[in-house]
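K.L.:
Sequence first, predicted coordinates after that:
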Amino acid sequence: MCRCANLKSAHSHICTCLKFLLLFKNKAKLTDTAINDIVSRFRVQGEIVSCKPFGSGNINDTYRIVTNTGNEYLLQKINHFVFKDVPGLMNNLVKVTQHLKKKLSNIPSANPEKETLTLIENNDNGFFIKDEAGAYWRIFLFLKNTKSYDQVVTEKQAFEGGKAFGRFQFLLADLDTNLIVDTIPYFHNIEYRLVNLDKAIAADSVKRANTVRPEIEFIEQRREQMGQILRLGRNGTIPQRIIHNDTKFNNVLLDEFDKAQCVIDLDTVMPGYVAYDFGDAVRTIINTAPEDEPDLNLIKLNIPLFTAYINGYLQQTVNFLTVAEINSLIEGALLLPYIQAVRFLTDYLEGDKYFKIRSPLHNLQRTKAQFQLVKQLEEVKMVLNDIILQTWHNYKNGQGNRF
Ligand code: GN1
Ligand code: MG
């Protein structure tokens, strides 16, 4: 609904809305011929009978494909504005999935095919293609009978999510970091993100800076404190490990019984601190509302879901995480909603070039929702840290958990 004070601004607002709708519509369009051409360059079985947009990702474009032999695939267009080194990214993906499959094949109860993503080879034995327009494409096997949740509902789901991301870190702990390139340099580096925000404010390219003064002030007040994880890393208190770097809860596939099956979205798997993955997962799990909730009153904390997540996570990681890493987890829980907000606000100030938006103010709405979450987390920081430490002690003393 457009509510404008005068005719002139109403007209420009309507134009913006129309332009936005057209842009959004065009983006989603992909002709049957184009799809057939792309898919024919990969070793898929059968002829395509349906191809539909899939999932809620903010960066890549994903389509679910079904063929007349009953095979199902995920076709993905990789956003090379965001991922500038696609060959490097795909090489990471091959290394990571091969490593996971090898490790899982040594665990008797595991099923490597179901628990890891499988890339489909192209006709030249590679794993991606570049089309005539310069776009990059890849295809995965679709994992049938799985589901992902944008929002966690039960403690069991949260526990399973914790297990999945914990096990993921455990399985990759011995992967040679020299094999992995940084697909997005300084991804969760808050200093880098703040410098980018400062540049966006100074450039003010779409003249929005004056409308976001309270948000800029919120960021300023926490600048120093949010550098804590980087400082701990730099002075050698916490180690770098291979982490996932995008542990939103919807990046875990659960099976029909809500058991964790497979961790997906591996484009940002690179070295980082475990607190980053912990914080990004908590950001989506503890929040009673979506990450872009417009009604800030609906953003509350669900602490039982947090407790369930840390139980699942530590079950898998208690034997290799250091005490300093355990102590850093709570800082990650505050940092990740903050850093996401910094990124959303930067994109808003730069004219919405990075994240897909579904309305003109979407990035600002996301920023405000993440700040609301930060405020609430600050209030219960000590309580959450006690839960982390208590759970850790329980596992250390062999007392297990109640899930
Ligand atoms: C992006 O596309 P998606 O939803 O997997 C982003 C994440 C953000 C997330 C916020 C490469 O992930 O870092 O947390 O949006 N991915 C990249 O919803 O920037
Ligand atoms: Mg992602």
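P.N.:
Arrived safely, thanks for sending. Just so it is clear, the structure is predicted and the values come from calculations on it, not from any experiment. Numbers count the residues shown, from 1 in each chain. Ligands and ions are numbered 1, 2, ... in the order given.
K.L.:
In contact with the residue positioned nearest the centre of the chain, which residues?
P.N.:
Centroid-nearest residue in the chain: D246, 3.0 Å away (criterion: CA atoms, centre = their mean). Each residue near D246 by CB atoms under 8 Å, 6 or more residues apart in numbering is listed here: D265, D267, T268, D280. In this view, the C-beta of every residue, glycine as well, is placed from N, C-alpha and C.
K.L.:
domains for the protein, by residue range?
P.N.:
10-141, 155-396 (automatic domain parsing).
K.L.:
just so I know, which of these lies nearest ligand 1?
P.N.:
Closest approach to ligand 1 among the domains of the chain is made by domain 10-141 (3.7 Å; CB to the nearest ligand atom).
K.L.:
Could you identify the helix or strand that succeeds the one helix or strand L194 maps to?
P.N.:
When elements are assigned from DSSP states H and E, L194 belongs to helix 190-203. Downstream of helix 190-203, the first helix or strand assigned by DSSP H and E is helix 213-222.
K.L.:
If I take that next one and helix 190-203, what angle do their directions form?
P.N.:
Angular relation of helix 213-222 and helix 190-203 on a 0 to 180 degree scale: 150 degrees, by axes from the mean of the first three to the mean of the last three CA atoms, to 10 degrees.
K.L.:
how about helix 213-222: buried residues?
P.N.:
Of all the residues in helix 213-222, those buried under the rule 16 or more other CB atoms under 10 Å are E215, F218, I219, R222.
K.L.:
So which of these is the closest to Y192?
P.N.:
Of all the buried residues of helix 213-222, I219 has the smallest distance to Y192: 14.2 Å, by CB to CB.
K.L.:
Which residue is the nearest non-sequential neighbour of A209?
P.N.:
Residue nearest to A209 in three dimensions, not counting chain neighbours: I201, with 5.2 Å by CB to CB, 6 or more residues apart in numbering.
K.L.:
one step back: overlap between the contacts of D246 and the residues near ligand 1?
P.N.:
Near ligand 1, judged by CB under 6 Å from any ligand atom, the entries from the contacts of D246 are D265, T268.
K.L.:
which among the contacts of D246 gets closest to L336?
P.N.:
Lowest distance from L336 to the contacts of D246 (CB to CB) belongs to D280, with 4.6 Å.
K.L.:
Could you double-check that that closest one sits in contact with L336?
P.N.:
Yes. If you go by CB atoms under 8 Å, D280 and L336 touch, sitting 4.6 Å apart.
K.L.:
picking that back up, present the buried residues of helix 213-222 as CSV; the columns should include distance to L93.
P.N.:
Converted to CSV, those look like this (distance: CB to CB, whole Å):
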residue, distance to L93
E215, 35
F218, 36
I219, 33
R222, 34
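K.L.:
Throw these into TSV and include distance to ligand 1 and pLDDT, thanks.
P.N.:
Listed next are the buried residues of helix 213-222 as TSV, based on distance: CB to the nearest ligand atom, whole Å; pLDDT from 0 to 100:
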residue	distance to ligand 1	pLDDT
E215	17	98
F218	19	98
I219	17	98
R222	18	98
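K.L.:
Intersect those with the contacts of ligand 2.
P.N.:
When CB under 5 Å from the ion is applied, no member of these is adjacent to ligand 2.
K.L.:
Counting neighbours, which bits of the longest helix along the chain end up buried?
P.N.:
Across the chain, the longest stretch assigned as helix under DSSP state H is helix 323-349. Within helix 323-349, the residues scored as buried using 16+ other CB under 10 Å are 325-349.
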